[in-house]
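1. heads up, no residue letters with this:
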């Protein structure tokens, strides 16, 4: 039914469409669904190359059961009696995970990052993350290692020597600068290739063009991030000058 939850048969049709390399829009047209529904379904269930109808169906059933779980199971959620209901939060978290995956994050790091974002403190221990996400501590550890490598979370240790994983106002600044530094390494590598292949060769010309482009992009990103950093430290609704 358009607008309702996907059925198991519809998920099988999505899997068949992906196997045929059909665009999401065509799969959606055949189902009579919005393209965004198919995109979100595939993205939150391991992407187009790993999507399986049976696993997606079971994951949906698990999420539905979790929405019916009393919020008092999580002490932090129980304290937020004036917040949105669990079903609304779960739907939003699924959407957030789907968007992060579409931007390039693997599914588990996207789930961990989403969990940290929507937590009031912006910080959780590995054991709390494992309980909230219903995965093993080893799975959380692997996801955290990936996020740390991308400068997307940072680690803090409390007085009981427990590690807490944190997202804060500098998250986007730090990850943006890390991206610019990755570009810098590409620029350096490309210019080394010019010496390898010799100046004015076709390969050297391509590498030089790529190096100049990436160098310009890196400088622009770094400059814009430095100028915009104050936005991250401005309270919502507070007036600030336009950069």
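-> It's in. Just so we're clear, the structure is a prediction, and the values are computed from it rather than from any experiment.
2. can we go C-alpha only for contacts and neighbour counts from here?
-> Will do.
3. what comes into contact with stretch 187-202?
-> Here stretch 187-202 makes contact (CA atoms under 8 Å, 6 or more residues apart in numbering) with 203, 204, 205, 207, 208, 210, 211, 212, 214, 215.
4. same question, stretch 171-182
-> Looking at what lies outside stretch 171-182 - CA under 8 Å, 6+ apart - the contacts are 150, 151, 152, 153, 217, 218, 219, 221, 222, 225, 226, 229.
5. can you tell me which residues contact the residue nearest the centre of the chain?
-> With distances taken as CA atoms, centre = their mean, the chain has residue 100 as the residue nearest its mean C-alpha position (2.5 Å). Listed by CA under 8 Å, 6+ apart, the contact partners of residue 100 are residue 110.
6. secondary structure element for it?
-> Taking DSSP states H and E as the criterion, residue 100 maps to helix 86-102.
7. hmm, back to that, among the contacts of stretch 187-202, which ones are buried?
-> 204, 205, 207, 208, 210, 211, 214, 215 (16 or more other CA atoms under 10 Å).
8. check contacts around the last one.
-> Contact criterion CA under 8 Å, 6+ apart gives 183, 184, 187 as the residues in contact with residue 215.
9. show me which residues of the helix or strand containing residue 181 are buried.
-> Secondary structure assignment for residue 181, by DSSP H and E: helix 171-197. Across helix 171-197, burial judged by 16+ other CA under 10 Å covers 172-181, 183-184, 186-187, 190-191, 193-194.
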